[in-house]
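Visitor: what follows is a predicted protein model with its sequence.
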Amino acid sequence: MGKYFGTDGFRGEANVNLTADHAYQIGRFLGWYYSSRNPEGAKIVIGKDTRRSSYMLEYSLAAGITASGADAYLLHVTTTPSVSFVTRTDGFDCGVMISASHNPYYDNGIKLLNSNGEKMEQAVLDEIEAYLDSKNELPFAKREKLGSTVDYVAGRNRYVGYLISLGRFSFKGLRIGLDCANGAAWNMARTIFEALGAKVYLIGAEPDGLNINAGVGSTHMEKLQSLVLEKGLDVGFAYDGDADRCLCVDEKGNIVSGDHILYILGQYMRDRGHLDNNTVVTTVMSNFGLYKAFDKLGIDYAKTKVGDKYVYEYMAQNGCRLGGEQSGHIIISKYANTGDGILTSLKVMEVIMAKKQTLSELCRGLKIYPQKLQNVRVKDKAAAQNDPAVQAAVDQVAEKLGDTGRILVRESGTEPVIRVMVEAPTQEECENYVNQVVEVIQSRGHQA
């Protein structure tokens, strides 16, 4: 990860860590970079979520892009996966999404996508960071070379039509709850589900610029659980601020995690011959129970570092069709190059309809193991992780667990923290084993 761009873009508090000047300079670089490589004229498409600061960053980016000679196409409020879709299908040089995903309203972010709708190559991000830290001046476009802004809401509408076209079944007679997190999906998701015949019950669909993710969405599932139970709904789906995640609530009010979704879709795709390489790509944070369930089904799995970026990279390099994270980033590569919350919910609905089972019935074969995760703030992450005494303690726990659970100790990518995680048959065992390792880290003087 670079100085500004992490695994999910340039993120920070609006006008504190991520300012309008940053957005303008990024726009200047993108406009210059792609204009110099595309003599016929560069086109860059921009989407944003519902945060108040998204408007400021959108216009700052557009000003920079057009000042450098490229055209800025504005999708306005839309989802991250829609920007990816439009970028790759409409011949754009680059896509930009303004969002801080599940973060509170005062944060924001700039995510960059290449012409294939994939996360931008690190080499380009490195060049942008070098420019941000330099005093170099880029040439301004002049006269007929100046870029222009284009209202491109039509691109967003085409994406909505694309998702509707993927619906293999009518949802007529079904009662479905949608929690749009007061974010980018607030209008789009309802349109799609109603077009497919569902009776929709909506929450988190009154954005005011300051309430995105506030007590709603995939990081706050309680309201959707209550809605499903109070209204007797068939199923509920919750998205995050930019709708690249989806979590579910079954008809009994239980939360259905990203691991459950991978289990449901993996089995369904395998049974229909659509699971290329018979492999589901996960991160190291997927629950031990998911791997036990895949072993029983005869489905192979891969484990990557935490981050949907790494999941997609593995999928692309190894020809895999399905991957994702426990948090609800699910990538189905036949249809999208990024996590897509609305697409995920449509595919879960497809399984419900095709197998004529409720969501709770589809989850029945997956046992989620109790988990304990503790963060230990340390002075030196590498020193703590590689300490022979700490490694010996980890090995001892792993030996005791055998094939009944697992221990994972890893360095945080963003904080001076070591994360100690144990999954075991009981919560008490999880806590005891985590405490054993944490005590060794502390006794060796690593704690900050």
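Guide: On my side now, so go ahead.

Visitor: quick check: chain neighbours aside, which residue is closest to Asp340?
Guide: Leaving aside its chain neighbours, Asp340 sits nearest to Pro81 (3.6 Å; criterion: Cβ to Cβ, 6 or more residues apart in numbering). All C-beta atoms are positioned from the backbone trio N, CA, C, and that covers glycine.

Visitor: what residues sit buried inside whichever helix or strand Glu361 is part of?
Guide: Element membership for Glu361 (DSSP states H and E) is helix 359-362. When burial is assessed from 16 or more other Cβ atoms under 10 Å, helix 359-362 yields the following buried residues: 359, 362.

Visitor: when you give positions from now on, start the count at 46
Guide: From this message on, residue numbering opens at 46, which makes the last subject helix 404-407.

Visitor: and that helix, what does it pack against?
Guide: Contact here means 3 or more Cβ pairs under 8 Å, 6 or more residues apart in numbering; DSSP states H and E; on that basis helix 404-407 packs against helix 386-400.

Visitor: for the helix it packs on, C-alpha coordinates in CSV please.
Guide: What follows is the C-alpha trace of helix 386-400 in CSV, where atoms were taken according to Å, rounded to 0.1, in the frame of the first residue of the first chain:
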residue,chain,number,x,y,z
GLY,A,386,-24.2,-6.1,-3.5
ILE,A,387,-27.3,-5.9,-5.7
LEU,A,388,-26.0,-8.6,-8.1
THR,A,389,-25.2,-10.8,-5.1
SER,A,390,-28.7,-10.4,-3.7
LEU,A,391,-30.2,-11.3,-7.1
LYS,A,392,-28.1,-14.4,-7.3
VAL,A,393,-29.1,-15.5,-3.8
MET,A,394,-32.7,-15.0,-4.9
GLU,A,395,-32.0,-17.2,-7.9
VAL,A,396,-30.9,-20.0,-5.7
ILE,A,397,-34.0,-19.6,-3.4
MET,A,398,-36.3,-19.8,-6.5
ALA,A,399,-34.4,-22.6,-8.3
LYS,A,400,-34.2,-24.9,-5.3
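
Visitor: so which elements touch it?
Guide: If you count contacts as 3+ Cβ pairs under 8 Å, 6+ apart, helix 386-400 packs onto helix 125-134, helix 198-210, helix 233-240, strand 280-284, strand 291-294, helix 303-316, strand 375-377, helix 404-407.

Visitor: what does the average pLDDT come to for stretch 108-118?
Guide: If you average the pLDDT over stretch 108-118, you get 98.

Visitor: ends of that stretch, what's the gap?
Guide: Distance between the two ends of stretch 108-118: 12 Å, counting by Cα to Cα, to the nearest Å.

Visitor: which residues touch it?
Guide: Contact with stretch 108-118 is made by 68-77, 79-80, 86-91, 106-107, 137-138, 183-186, 190-195, 197, 200, as judged by Cβ atoms under 8 Å, 6 or more residues apart in numbering.

Visitor: stretch 64-81 too?
Guide: Counting by Cβ under 8 Å, 6+ apart, stretch 64-81 makes contact with 49, 55, 86-87, 89, 101-102, 105-115, 117, 138-139, 141, 155, 157, 169, 172-173, 176-177, 183-184, 186, 192, all of which sit outside it.

Visitor: likewise stretch 247-255?
Guide: If you take Cβ under 8 Å, 6+ apart as the criterion, stretch 247-255 is touched by 95-97, 122, 150, 222-228, 231-232, 235, 261-262, 268-269, 272, 283.

Visitor: now the helix holding Glu406: how far from the chain's centre is it?
Guide: Taking Cα atoms, centre = their mean, to the nearest Å, one finds the center of helix 404-407 at 24 Å from the center of the full chain.

Visitor: could you pull up the mean pLDDT of that helix?
Guide: Mean pLDDT, taken over the full extent of helix 404-407, equals 98.

Visitor: past the helix or strand containing Tyr357, which element shows up next along the chain?
Guide: When elements are assigned from DSSP H and E, Tyr357 belongs to helix 353-363. Using DSSP H and E, the helix or strand that follows helix 353-363 towards the C-terminus is strand 367-369.

Visitor: strand partners (parallel or antiparallel) of that next one?
Guide: According to DSSP bridges, strand 367-369 forms sheet pairs with strand 324-328 (parallel), strand 375-377 (antiparallel).
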